[in-house]
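Enquirer: pasting a predicted model and its sequence here:
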Amino acid sequence: MKKFITYIACATLLLASCTKGFEEMNKNPTTPTGTDIPSLFNGAVSSLLLGWNEQFYLSNEIFYPETELAALSAEAWGNYSIGTEEIWRNYYAGLANINDLSARLDKLCNDSADQEIADYVKAQVIVLKAYKTFKVTDIFGDIPYSEAGKIWLQTDNPNYRQPKFDSQESIYRSLLTELVWARDFFGDAPTKTALNHNYYTIPATHDNLFGNNWSSWEVFANALILRHGLRMYDKDPDFAKPLLVKAFSKPEIAAFADICMWPQKLNITNTSAHWSFYEHRNLRMGETAWSRMYDSTSTLPNGIFDYRAYIFFDTDNYSAENPKGKWVPFPQIKDENTPNATGAPYSGSRSSNFWFKPQCNFSPINYYLIRDENYIPEILFTAADLAFIKAEILARNIVPGSAMEIDMMLTSGIKKSFYFWNQMPDNSPIWTETWDAYAEQQQLGIDAKAQNMASYVMNHYYEINGWVIPQEKYLEYIIEQRWINLFRQPWEAWCLARRTFQTPTTTNHAKLKSYRLPYPPSEVEYNKENYLQQLNNMSNGDTRSTKVWWMTK
């Protein structure tokens, strides 16, 4: 079928263009003689990398400004369908890859006369498929799923040529059920099948996430259950609550074991982030994020009580009076009195002179954070995010917890967030400049530094509440801290904003206008009959104002 064959080929080219490396990972599943199970598995892992156009047209133009994690100084790149096309192609190429892999694993089971022999790899594939599918359905809502990515299995099957749309509700239920099985299988970690055979596993060198560490796969599966179980809780508590209660007691992501695509570990050079910021040019530090990290009454240097500000943001152009520039946020909604943002703060020339930002009149995103192509990771799930999810579960009494337990979980999340973000300037070889206040903290050990920084944030909360935080305020602070920690996962922050409408805002969420994104034009063209049928299920048609299934507010 033309559509999916095109998707597979295009996505392979896109992945190859995004990074250097992964040469053996992106082989086309429509030519199975050139692939094997380990190569297909690596192809599935490589497809987790963010696309260039996804970051440019969606993250920088829509997700950052709508979540108010940053501010858009000018709306100059409205053709967001370029980004949605890339996500769509990447997903269905990856899904075809995964379906091919699953078919080969089934054949392996049949050939060995043991239906359990490939269960470890099947469980790994479930986790990869769930991560990818959740992301796509959370962006678009209902999507082709159960019949999609299978055209090469039965080329004459009309359902595979034009797959139906599955409801987001059915996709959520299916994926969460599969994740429970995968998590529990990894947790049991059997060494022999019921027929006393050794399990088939791919070489650990081909598992670029965890090296076949089954405990890590268990934790990843469980984290996805918590993230998406909580996301659907308000819509379907009867289904979600038992999953959340059980998952809550499972092992957490340990500090420094954050689940990421680390370029050094993967032996790649990840050039997409810098490209998207440099070419886009218009993203700046916004007044909302700044107001959650800075207090003019703070006795800390520069009024910054949240030291992640030094990691996330730069200052404007330096001057004789301010040799390192000033912290100047851009308004979330500009008016006729707002100057245009000027300068080229993301230019590669800053690698040789970090403080040199001619005509830069508003604070940009930290140059190093988007410039380092070899160390800065693409984030899948942080230990801090999981702690904040658990803190919300306690604060909402999904799992009963005292005020002290909620406080401890919130504080743990903030500390883990600093553990994670402090790694960037500490370990990046190009991150050579920072403010004196942060540099002073760098002299401390990693634990003492993270503890200090977390204490500054919690002390701020205590201070503004008269040193006693009311229990009803904890949920507000949990959501705020989770939102801050998702700084380089704006699509996840967008989900948090759409679910809760309680993320920080200086505009009363006036910027949050997109509840989903429209299907890409290629889907309309090549799957028109099913697309037209899908329109009947959408409250406001294929528009950004139609809410996804799990939205209740």
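Expert: Arrived safely.

Enquirer: list the buried residues of the helix ranked longest in the chain.
Expert: In terms of residue count, the longest helix belonging to the chain (DSSP state H) is helix 81-112. By neighbour count on 16 or more other Cβ atoms under 10 Å, the buried set for helix 81-112 is 81-105, 108-109. All C-beta atoms are positioned from the backbone trio N, CA, C, and that covers glycine.

Enquirer: swap in stretch 294-311?
Expert: Across stretch 294-311, burial judged by 16+ other Cβ under 10 Å covers 294-295, 298, 302, 304-311.

Enquirer: quick check: the residue nearest to the spatial centre of the chain vs Ala384, distance?
Expert: Centroid-nearest residue in the chain, with Cα atoms, centre = their mean: Gln489, separated by 4.2 Å. Using Cβ to Cβ, to the nearest Å, one gets 11 Å for the distance from Gln489 to Ala384.

Enquirer: before we move on, the earlier item: state the pLDDT value of the residue nearest to the centre of the chain.
Expert: Listed pLDDT for Gln489 reads 98.

Enquirer: can you give me the strands for the stretch 401-550 of the chain?
Expert: Using DSSP state E, counting those that start in this stretch, the stretch 401-550 of the chain contains no strands.

Enquirer: ok, the residue nearest to the centre of the chain touching Glu378?
Expert: No - at 9.1 Å, Gln489 does not count as touching Glu378 under the criterion of Cβ atoms under 8 Å.

Enquirer: thinking again about what came up before, which strands and helices sit next to the longest helix of the chain?
Expert: helix 2-18, helix 37-46, helix 52-53, helix 119-140, helix 521-526 (3 or more Cβ pairs under 8 Å, 6 or more residues apart in numbering; DSSP states H and E).

Enquirer: where in the chain is pLDDT low?
Expert: Regions of the chain meeting the criterion pLDDT under 70 cover residues 1-34.

Enquirer: okay, now Arg396: neighbour count?
Expert: 17 (other Cβ atoms under 10 Å).

Enquirer: which ones are touching the nearest residue to it once chain neighbours are set aside?
Expert: Among residues not flanking Arg396 along the chain, Leu475 sits closest, at 6.9 Å (Cβ to Cβ, 6 or more residues apart in numbering). Taking Cβ atoms under 8 Å, 6 or more residues apart in numbering, we find Leu475 in contact with 392, 395-396, 502.

Enquirer: can you give me the strands for the stretch 101-250 of the chain?
Expert: 143-144, 165-166.

Enquirer: list the contacts of the first one.
Expert: Where contact means Cβ under 8 Å, 6+ apart, the residues beyond strand 143-144 that reach it are 92, 133, 136-137, 163-166, 168, 171, 527, 530.

Enquirer: which members of the residues you listed are classed as buried?
Expert: Those of those that meet the buried threshold are 92, 133, 136-137, 163-166, 168, 171, 527, 530, by 16+ other Cβ under 10 Å.

Enquirer: okay if I get these as a markdown table plus distance to Tyr278?
Expert: Formatted as a markdown table, the buried ones among the contacts of strand 143-144 follow (distance: Cβ to Cβ, whole Å):
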| residue | distance to Tyr278 |
| --- | --- |
| Tyr92 | 29 |
| Thr133 | 31 |
| Val136 | 27 |
| Thr137 | 31 |
| Pro163 | 37 |
| Lys164 | 41 |
| Phe165 | 37 |
| Asp166 | 38 |
| Gln168 | 35 |
| Ile171 | 36 |
| Asn527 | 35 |
| Asn530 | 39 |
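
Enquirer: Leu224: which of these is nearest?
Expert: Relative to Leu224, the closest of the buried ones among the contacts of strand 143-144 is Thr133; by Cβ to Cβ it sits at 10.4 Å.

Enquirer: just checking, the closest one touches Ile171?
Expert: Yes - if you go by Cβ under 8 Å, Thr133 and Ile171 touch, sitting 6.4 Å apart.

Enquirer: what do those two both touch?
Expert: What both Thr133 and Ile171 touch, as defined by Cβ under 8 Å, 6+ apart, is the set 143, 145.

Enquirer: in helices, which of the buried residues of stretch 294-311 fall?
Expert: Those of the buried residues of stretch 294-311 lying in helices (DSSP H): 308-311.

Enquirer: nearest to Asp372, of the residues you listed?
Expert: Looking across these and measuring by Cβ to Cβ, the closest to Asp372 is Ile311, at 12.0 Å.

Enquirer: count of neighbours near the closest residue to that closest one other than its chain neighbours?
Expert: Counting by Cβ to Cβ, 6+ apart, Ile311 lies nearest to Trp421, which is 5.0 Å off, once chain neighbours are set aside. Per other Cβ under 10 Å, the neighbour tally for Trp421 reads 24.
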